[in-house]
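Chemist: The amino acid sequence is not available; the structure is as follows:
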């Protein structure tokens, strides 16, 4: 479905490359050990990410596609949808904190927020002028 969307909205070359790469993902997906946030006298103590990664692997960089984080925080599958922007931001920050604590990048945290693909945007702009 996602690959069909890519082909339709202006990235057929990338869709082709992605479909060829999909079988390789199981080779890089790993289970992880996740340390829990400690609560002392009602105060949450965050995970100390300066310590070595408990998974036995160290990472220099972490790339976060924020679109893949923001959308599920607006429309969660495991709980009711948030009712305020504040609740959405808290869900986003909690999710990012969790990922950061798992991976523990040592040099760079890169957060990318994308927009529409150019082809889709151009069709949208072109169709606006035709409606007049």
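Modeler: Structure received. The structure presented is a predicted model; accordingly, all values stated were derived computationally and were not measured. Numbering: from 1, shown residues only.
Chemist: Show me the strands in this protein, by range?
Modeler: Here the chain has its strands, by DSSP state E, at 38-40, 43-45, 59-65, 105-112.
Chemist: max-length helix in the chain?
Modeler: In the chain, with assignment by DSSP state H, the single longest helix is helix 85-103.
Chemist: what residues are up against the closest residue to residue 39 other than its chain neighbours?
Modeler: With C-beta to C-beta, 6 or more residues apart in numbering as the criterion, residue 39 has its nearest non-adjacent residue at 7.2 Å, and that residue is residue 45. Every C-beta, even on glycine, is put in place using the N, C-alpha and C of the backbone. When the contact criterion is C-beta atoms under 8 Å, 6 or more residues apart in numbering, the partners of residue 45 are 37, 38, 39.
Chemist: And for residue 36?
Modeler: With C-beta under 8 Å, 6+ apart, residue 36 has these contacts: residue 47.
Chemist: for this structure, where's the lowest mean pLDDT among helices and strands?
Modeler: Least confident element among the helices and strands of the chain, by mean pLDDT, DSSP states H and E: helix 2-8 (a mean of 43).
Chemist: thought residue 75 was touching residue 81?
Modeler: Yes. Using C-beta atoms under 8 Å, residue 75 is in contact with residue 81, at 6.1 Å.
Chemist: Out of the strands of the chain, which gets nearest to residue 95?
Modeler: Taking C-beta to C-beta, strand 59-65 is the member of these nearest to residue 95, at 9.4 Å.
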